[in-house]
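S.K.: Predicted model and sequence below, questions to follow.
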Amino acid sequence: MAVTADSASLSIGQAAARAGMRASAIRYYEAAGLFPPAVRVGGKRRYDPQITDVLLLIRFSQRLGFTLTEIRRLLKDPSGQRQKALWRELVDTKLREINALIRSAKGVQRVLRETRDCDCVTLTSCCYLRDESKLVSARD
């Protein structure tokens, strides 16, 4: 994505508008090393129009829960079959993380439902709280 003063290029505001994000997010992603620093023309950042695709990929990946480190790998690693394999590896890892979160959330949901209308006189007499203190004691 080489940009020169003579080429059709985007200001940071134009790039932000095209990607539907704030200019500060672009500066942050640039500082985080997700793409090379912008060329400066007259002291102002100028981006190749292809930056829009990169920014959309970053936003899409973040919505799926990928970290900046994982996104950086996607953007810098090779293309073709190797990139497809990397994508599958990252997705499989993310799916395992999401499944663990779902199991945990379902456990929390179950306890909340069961304790909502329980007959405990006080929270400190609640059987779930006593069970929690047993778990803490078992870890020590």
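M.R.: That came through, no problem. Here the structure is a predicted model, which is why all the values come from computation and not from measurement.
S.K.: For the helix or strand Ala17 falls within, which helices and strands make contact with it?
M.R.: Assignment of secondary structure by DSSP states H and E places Ala17 within helix 12-19. In terms of contacts (3 or more CB pairs under 8 Å, 6 or more residues apart in numbering; DSSP states H and E), helix 12-19 is packed against helix 23-31, strand 44-47, helix 51-63. All C-beta spots, glycine's among them, are computed from the backbone N, C-alpha and C.
S.K.: Tell me how far the last one lies from the chain's centre.
M.R.: Computed by CA atoms, centre = their mean, to the nearest Å, the separation of helix 51-63 from the middle of its chain amounts to 11 Å.
S.K.: do stretch 73-90 as well
M.R.: Distance of stretch 73-90 from the chain centroid (CA atoms, centre = their mean) equals 17 Å.
S.K.: in that stretch, what counts as buried?
M.R.: Buried positions in stretch 73-90, judged by neighbour count with 16 or more other CB atoms under 10 Å: Arg73, Leu74, Leu75, Leu86, Leu90.
S.K.: mind putting the residues you listed in CSV, secondary structure and distance to Val54 included?
M.R.: Formatted as CSV, the buried residues of stretch 73-90 follow (DSSP: H, G, I helix; E, B strand; the rest coil; distance: CB to CB, whole Å):
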residue, secondary structure, distance to Val54
Arg73, helix, 14
Leu74, helix, 10
Leu75, helix, 7
Leu86, helix, 16
Leu90, helix, 17
